[in-house]
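In: model this:
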Amino acid sequence: MPIESPYPMISIERALDIISTHIQPLPAVTISFYDAQGYVLAEDIFAVEPMPPFAASSVDGYAVVAADGPGRRRIVGDQAAGYMAEVEIEPGTSARVTTGAPIPPGADAVVMVEETEVADGFVEILASDIRSGANIRPVGQDIEQGQLVLPQGTILGPAEMGLLGTVGRSQVTVYRRPRVAVMSTGDEIVEPDQPLSPGQIRDANRFTLMGAVREAGCEPVDLGIVRDKANSLADTIERGLAEADVLLTSGGVSMGQLDLVKPYLAARGTLHFGRVNTKPGKPVTFAVVDGVPCFAMPGFPVSALVSFEVFVRPALLKMAGYTHIYRPHEKAILAQRLSHTSARTEFQRVVLTRRADGRLAASTTGFQGSGRLLSMAGANGLVILPHGQDDYEPGSVVEALIIGRILAETEPQSNPIQGV
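Out: Residues are numbered from 1 along each chain as shown. Here you go, the predicted model:
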């Protein structure tokens, strides 16, 4: 009799619902504005003063009384940016101003320097149509006092960092980024700098997953390689639970005698699912132990990375305060025939390109074996082949999960190494 898994097979959608139910944003922390880029705001940011805080020139030129019209004016002073000169404009007079400088009292327009001629302390205004307010930025034109500048949930990118500086926020409250403890399991695994003995392979999963954690904006904690022994596994898992916000393991989740991760997680906490109807990644596991979300990835490197993309990355983004946590989806046209087993929903690795008509084309990265990490190298998409249908022919339209930048067909491609 074949050994049957004690864990029911659930759908991808059900697995994502379960994860979402048990994942919440981490507590907010207050950090220096200088360190805040990439974080998600946990507070609303309001302007305490208008921007600009004074009427300012938007050009280099001459401050004038608009009603004077064109003609000759006496230059009575200079007004540069950064201070307030003791200059006042009356009809028939003018003052030099620089971009960003306050408008001298009495002036109501600025004429660009290109529309003037200067000689002997006078300026000739050549512009024929001078309107009140010309080339002047009024108080609060950019930001009004009390205005909501950045709402809670905003991701702090370059423009947002500039706005924080504009409104004078030296401290900002953000959602904390998750610390993710990452470990590989297996007696056959050795470090990359170690020679291989018969039956051994070098660790790829740990570095793949730590890279994916960093790419998601989170902090990996390297727990190293754990041997297939209960005591060693328990000690390392407990360390991860104590030091991190999330535990991420690879290997030890199938049905062999040395697959000890699932039983340990089930004994220590609540194991919410242990099998998902997906390829690769069927034995992916989600548990919560002492309030810490635990994701147990399969041992094959592609299975681990695809499972991370589908199940773990959205959870980490939610913990970091993001509201849009899923990769974008788009329809794509297959360039080649794709073999598919109808029993499971499959994520196949592809290179997506944008055609001249705006539609996406999907080209396979070659042999899709779960151990062939080369199939992920250069891939910028995962095409989703739902269960219930066999092979897909060229020209078929399928859903694609976009995981990288898409180039136009005419742009040079970063070609992955393909196989048969």
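
In: can we go C-alpha only for contacts and neighbour counts from here?
Out: Fine.

In: right, and R354 touches N380 too?
Out: No - contact criterion C-alpha atoms under 8 Å: R354 and N380 do not qualify, at 11.9 Å.

In: list residues touching both of these two?
Out: I406 (C-alpha atoms under 8 Å, 6 or more residues apart in numbering).

In: those two: which has the busier surroundings?
Out: N380 (20 against 17; other C-alpha atoms under 10 Å).

In: wait, doesn't that one sit right on Q348?
Out: No - with contact defined as C-alpha under 8 Å, N380 does not count as touching Q348 (11.0 Å).

In: so V48, which of the three states?
Out: Put simply, V48 is coil when judged by DSSP: H, G, I helix; E, B strand; the rest coil.

In: that one and V139, how far apart?
Out: 13 Å (C-alpha to C-alpha, to the nearest Å).

In: what about the stretch 1-150 of the chain, any weak spots by pLDDT?
Out: 1-3 (pLDDT under 70).

In: run through the helices of it in chain order.
Out: Assigned by DSSP state H, counting those that start in this stretch, the helices in the stretch 1-150 of the chain fall at 12-21.

In: pull the number of nearby residues for E117.
Out: E117: 12 surrounding residues under other C-alpha under 10 Å.

In: next: A212.
Out: Other residues close to A212 by other C-alpha under 10 Å number 18.

In: how about the strands in the stretch 1-150 of the chain?
Out: 28-32, 45-46, 56-57, 61-64, 71-79, 93-97, 109-112, 116-119, 122-125, 136-137, 148-150 (DSSP state E, counting those that start in this stretch).

In: ok, now how distant is the residue sitting furthest away from the middle of the chain from V97?
Out: Distance from the C-alpha centroid of the chain peaks at D120, with 59.0 Å (C-alpha atoms, centre = their mean). Taking C-alpha to C-alpha as the measure, D120 and V97 are separated by 18 Å.

In: for A63, same thing?
Out: A63 is 6 Å from V97, where distance means C-alpha to C-alpha.

In: these two: who's more crowded?
Out: The neighbour count for A63 versus V97, taken as other C-alpha under 10 Å, is higher for A63 (32 against 27).

In: which ones are touching the most centrally placed residue in the chain?
Out: In the chain, the residue lying closest to the centroid (C-alpha atoms, centre = their mean) is A216, at 6.3 Å. Residues in contact with A216, defined by C-alpha under 8 Å, 6+ apart, are 313, 316-317.

In: for G157, state which of these is nearest.
Out: L317 (15.6 Å; C-alpha to C-alpha).

In: is it true that the closest one touches I325?
Out: Yes - counting by C-alpha under 8 Å, L317 does reach I325; the two are 5.6 Å apart.

In: who's more crowded, these two?
Out: In terms of neighbours (other C-alpha under 10 Å), L317 is the more surrounded of L317 and I325; the figures are 23 against 15.

In: what about the more buried one, which helix or strand?
Out: helix 313-319 (DSSP states H and E).

In: which residues of the stretch 151-300 of the chain fall in strands?
Out: Under DSSP E, counting those that start in this stretch, the stretch 151-300 of the chain gives strands at 171-175, 179-185, 189-190, 201-202, 219-226, 246-250, 270-273, 278-279, 285-289, 292-297.

In: for stretch 145-154, which positions count as buried?
Out: 145, 149-150, 153-154 (16 or more other C-alpha atoms under 10 Å).

In: wait, I meant stretch 153-167
Out: 153-156, 160-161, 163-164, 167.

In: can I get those in JSON lines with distance to A234 and pLDDT?
Out: Listed next are the buried residues of stretch 153-167 as JSON lines, based on distance: C-alpha to C-alpha, whole Å; pLDDT from 0 to 100:
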{"residue": "G153", "distance to A234": "37", "pLDDT": "96"}
{"residue": "T154", "distance to A234": "39", "pLDDT": "97"}
{"residue": "I155", "distance to A234": "37", "pLDDT": "97"}
{"residue": "L156", "distance to A234": "39", "pLDDT": "97"}
{"residue": "E160", "distance to A234": "44", "pLDDT": "97"}
{"residue": "M161", "distance to A234": "43", "pLDDT": "97"}
{"residue": "L163", "distance to A234": "47", "pLDDT": "96"}
{"residue": "L164", "distance to A234": "45", "pLDDT": "97"}
{"residue": "V167", "distance to A234": "50", "pLDDT": "95"}
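
In: and of the residues you listed, the nearest to L26?
Out: Checking the buried residues of stretch 153-167 one by one against L26 (C-alpha to C-alpha), the nearest turns out to be G153, at 12.9 Å.

In: need the nearest residue in space to the closest one, chain neighbours excluded.
Out: L41 (5.1 Å; C-alpha to C-alpha, 6 or more residues apart in numbering).

In: what's around I406, how many residues?
Out: Neighbours of I406 under the rule other C-alpha under 10 Å: 17.

In: contacts only, for R169.
Out: Neighbours of R169 in contact, by C-alpha under 8 Å, 6+ apart: F33.

In: for it, give its distance to A244.
Out: Using C-alpha to C-alpha, R169 is found at 30 Å from A244.

In: cool, and L374?
Out: L374 is 30 Å from A244, by C-alpha to C-alpha.

In: equivalent analysis for A85, please.
Out: A85 is 57 Å from A244, by C-alpha to C-alpha.

In: these two: which has the busier surroundings?
Out: Set side by side, A85 and A244 show more neighbours around A244, with 19 against 16, by other C-alpha under 10 Å.

In: hey, what's the residue nearest to that one when sequence neighbours are not counted bridged with?
Out: Spatial nearest neighbour of A244, chain neighbours left out: R179 (4.9 Å); criterion: C-alpha to C-alpha, 6+ apart. Beta-bridge partners of R179, counted by DSSP bridges, are E219.

In: correct me if wrong: R179 contacts C218.
Out: Yes - assessed by C-alpha under 8 Å, R179 is found in contact with C218 at 6.2 Å.

In: check the protein for its longest helix and report it.
Out: As assigned by DSSP state H, the longest helix anywhere in the chain is helix 230-243.

In: for that helix, buried residues please.
Out: In helix 230-243, counting by 16+ other C-alpha under 10 Å, buried: 233-234, 236-237, 240-241.

In: kindly report the same for stretch 266-281.
Out: 266, 269-281.

In: could the C-alpha coordinates of it be exported in PDB?
Out: Output of stretch 266-281 as PDB, limited to C-alpha atoms (Å, rounded to 0.1, in the frame of the first residue of the first chain):
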ATOM      1  CA  ALA A 266       2.900  20.600  13.900                       C
ATOM      2  CA  ALA A 267       4.000  19.600  17.400                       C
ATOM      3  CA  ARG A 268       5.200  23.100  18.300                       C
ATOM      4  CA  GLY A 269       2.300  25.200  16.800                       C
ATOM      5  CA  THR A 270      -0.600  25.100  14.400                       C
ATOM      6  CA  LEU A 271       0.100  23.600  10.900                       C
ATOM      7  CA  HIS A 272      -2.500  25.200   8.700                       C
ATOM      8  CA  PHE A 273      -1.700  23.300   5.500                       C
ATOM      9  CA  GLY A 274       0.900  20.800   4.300                       C
ATOM     10  CA  ARG A 275       0.100  20.300   0.600                       C
ATOM     11  CA  VAL A 276      -1.100  22.600  -2.200                       C
ATOM     12  CA  ASN A 277      -2.300  21.500  -5.700                       C
ATOM     13  CA  THR A 278       0.600  23.200  -7.500                       C
ATOM     14  CA  LYS A 279       3.600  22.300  -9.600                       C
ATOM     15  CA  PRO A 280       6.300  22.900  -8.600                       C
ATOM     16  CA  GLY A 281       5.900  23.100  -4.800                       C
END
